[in-house]
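**Q** Kindly return the folded structure for what I paste below:
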Amino acid sequence: MILGILKEPSPETRVSLHPEAVKVFTAAGNKILIEKGAGSTAFLSDEVYSEAGAEVKERTEVFKDAEMVFQISPIAAEEHQLLSKGKFLIGVYQPLVARELMQTLAKTGVTLFSMDSIPRITRAQSMDVLSSMSTVSGYKAVLLAAANLPRFFPMLMTAAGTIAPAKVLVIGAGVAGLQAIATAKRLGAVVEAFDTRPSVKEQVESLGGKFVEVPGAVEDKSAGGYAVEQSEEYKQKQSEMLEKSIVKSDVVITTALIPGRKAPVLVTHAMLEKMKSGAVVVDLAAANGGNCEGSVNNEIVSVEGVTIIGNSSLPASMPEDASKMYSKNVQNLLKLLLKDDKLNLNFEDEIIKGTCITHDGAIVYEPLLK
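**A** Next comes the predicted model:
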C-alpha cells in the first residue's frame with residue numbers, strides 16, 4: 001500500500017504518523033509519502049522522516065499517489081475533489097456531530113475510518129485515540145490551572161507561616177479526569193472527583209481522590225464507558241451536591257461529555273458567583289458547548305472573578321508525545337487493515353466495522369444509520 005501523511009491545518013500541531021511507525025510500515029513493504037513540513041510543528045523534521053524511509057512530497061502529490069491518506073483534522077471542503085473512489089481516509093471526524101460532512105464524504109466514494117469511533121472494547125484498547133488524547137488533556141489541564149491560580153497547589157510550611165493546599169474538584173472520572181486527579185495529587189492538592197458512574201469510585205480513591213457520590217445515577221454498561229443521560233430528578237440532586245464542592249474549590253476541571261450530544265452544563269453562573277475570587281475552571285468540553293456556563297472554546301475569560309479556560313484541544317499543546325501516542329493507535333489499527341502488505345477490509349471484525357464510517361459511496365456506520 002502507498003500511505004500518505006498530510007500536514008495538519010493550523011492550529012493543530014500533531015502529525016498522524018510518527019517516524020517510528022514509518023519504519024515499521026516501510027519494513028513491511030509499504031511505501032510512505034509525507035507532505036513537506038508535516039512533522040515540523042511536532043518537532044519532527046523532513047530529514048527524520050526521510051531517514052525512516054518516507055518520501056517527502058508536495059501536498060497535491062500525496063493526495064494523487066497515496067492509496068491511504070492520513071490527516072487528524074478533517075480534510076478541507078475544497079480538497080474533497082482530490083479524494084476519489086477507492087481511496088482510504090483516516091482521521092478524527094466526530095461522525096455523530098458532523099453528519100452532513102459524512103454524507104458529503106460518502107458521495108466521493110472514499111472509505112473513511114474515524115479514529116474517535118474505535119469501539120471501546122478490550123481488544124481495541126491499544127487503538128483507542130480518545131483515551132490516549134484524554135491522558136494528555138487531563139495532565140495538561142492541571143498544569144494550566146496551576147499556572148493561572150494565584151496560589152500554590154501543595155501545602156507549604158515556611159518561615160512566613162503555613163500555606164494550605166489548593167482544593168481541586170474534577171468533574172468526570174474518565175481517562176482525562178483520572179489523569180487530572182493523579183496530576184493534581186502529585187502537585188500536592190486536595191482532590192475531590194464527581195462522576196455519574198458509581199463504578200469509578202474505586203479508581204478515584206486509588207489515586208488519592210475523594211469521590212463525591214450522588215445516589216440514584218443510571219449507568220449503562222452498553223455505553224462503552226461513557227456517561228449517559230440522567231433523569232431530571234437526578235440532575236437536580238447532582239446540581240445541589242456539586243454546588244457544595246464547587247464553591248469551596250480553588251480549581252474545577254470539567255471533562256463531562258455525552259457522545260453525539262451537547263455537553264451538559266454542570267457549573268452554572270450562580271455557582272461561579274459563589275466561588276472564591278481568583279479560582280480557576282478548566283473546561284475540557286468547551287468545543288461541545290462546555291460544562292461551565294460562560295466558557296468560550298480556545299479562550300480564557302473571567303466571569304465573576306473566576307478564570308475560565310475553555311480548551312478542548314490540549315493534545316496539540318504537547319505535540320511530540322501526543323503525536324507518538326496517536327501514531328501508535330493508528331499503527332495498531334493498521335495491523336488489522338493491512339495483512340502482508342495487502343488490504344484486509346474484513347467487516348466481520350467488530351473493530352473494523354465499528355470504525356468505518358463511509359464505504360463504496362454510502363454511510364456504513366450503524367449509529368448514523370439508526
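
**Q** now do the same end-to-end measure for stretch 184-204.
**A** The distance separating the two terminal residues of stretch 184-204, taken as CA to CA, to the nearest Å, comes to 12 Å.

**Q** do stretch 262-280 as well
**A** The first-to-last residue distance of stretch 262-280 comes to 22 Å (CA to CA).

**Q** That stretch: which residues count as buried?
**A** Buried positions in stretch 262-280, judged by neighbour count with 16 or more other CB atoms under 10 Å: 263-268, 271-272, 275, 279-280. Where C-beta positions appear, they are placed from N, C-alpha and C, glycine not excepted.

**Q** cool, and stretch 235-255?
**A** For stretch 235-255, the buried set under the neighbour-count rule, 16+ other CB under 10 Å, comprises 238-239, 242-243, 245-247, 249-255.

**Q** and what of stretch 297-309?
**A** In stretch 297-309, counting by 16+ other CB under 10 Å, buried: 303, 306-309.

**Q** for it, how far is the first residue from the last?
**A** 8 Å.

**Q** State the separation between that stretch and the centre of the chain it belongs to.
**A** Centroid separation for stretch 297-309 versus its chain: 21 Å, with CA atoms, centre = their mean, to the nearest Å.

**Q** Residues in contact with it: which ones?
**A** Residues external to stretch 297-309 that are found in contact with it (CB atoms under 8 Å, 6 or more residues apart in numbering): 11, 144-145, 148, 269, 272-273, 275, 277-283, 286-287, 290, 292, 294-296, 310-313.

**Q** Narrow those residues to those in strands?
**A** Using DSSP state E, the subset of the contacts of stretch 297-309 located in strands is 280-283, 310.

**Q** Show me what the helix or strand Lys64 falls within is packed against.
**A** For Lys64, the enclosing helix or strand under DSSP states H and E is helix 59-65. With contacts defined as 3 or more CB pairs under 8 Å, 6 or more residues apart in numbering; DSSP states H and E, the packing partners of helix 59-65 are strand 2-5, strand 31-35.

**Q** who does the last one touch, helix- and strand-wise?
**A** For strand 31-35, the elements it packs on are strand 2-5, helix 19-27, helix 46-52, strand 55-57, helix 59-65, judged by 3+ CB pairs under 8 Å, 6+ apart.

**Q** what's the closest of these to Ser134?
**A** Nearest to Ser134 among the helices and strands packed on strand 31-35 is helix 19-27 (20.8 Å), distances taken as CB to CB.

**Q** how about the helices in the protein?
**A** 19-27, 46-52, 59-65, 99-108, 129-148, 175-186, 201-206, 232-247, 269-274, 319-337, 350-355, 366-369 (DSSP state H).

**Q** residues in contact with the last one?
**A** When you say that, I think you mean helix 366-369. Contacts with helix 366-369, where a contact means CB under 8 Å, 6+ apart, come from 95-96, 99, 102, 260, 353-354, 357, 363.

**Q** okay, among the residues you listed, which ones form the most distant pair?
**A** Between any two of the contacts of helix 366-369, the greatest separation by CB to CB is 19.2 Å, found for Arg99 and Lys353.

**Q** Can you tell me, leaving aside adjacent residues, what's nearest to Gln71?
**A** In this structure, Gln71 finds its nearest non-sequential neighbour in Leu6, 4.1 Å apart by CB to CB, 6 or more residues apart in numbering.

**Q** list the contacts for that neighbour?
**A** For Leu6, the set of contacting residues under the criterion of CB under 8 Å, 6+ apart consists of 16, 35, 38, 59, 62-63, 69-71, 75.

**Q** what's the domain layout of the chain?
**A** Described in terms of automatic domain parsing, the domain architecture of the chain consists of the residue ranges 2-117+319-365, 131-317.

**Q** where does the stretch 101-250 of the chain dip in pLDDT?
**A** Within the stretch 101-250 of the chain, the segments meeting pLDDT under 70 span 216-231.

**Q** Output the domains of the chain in a markdown table; the columns should cover distance to Gln125.
**A** Compiled in a markdown table, these are given as follows (distance: least, CB to CB, whole Å):
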| stretch | distance to Gln125 |
| --- | --- |
| domain 2-117+319-365 | 9 |
| domain 131-317 | 7 |
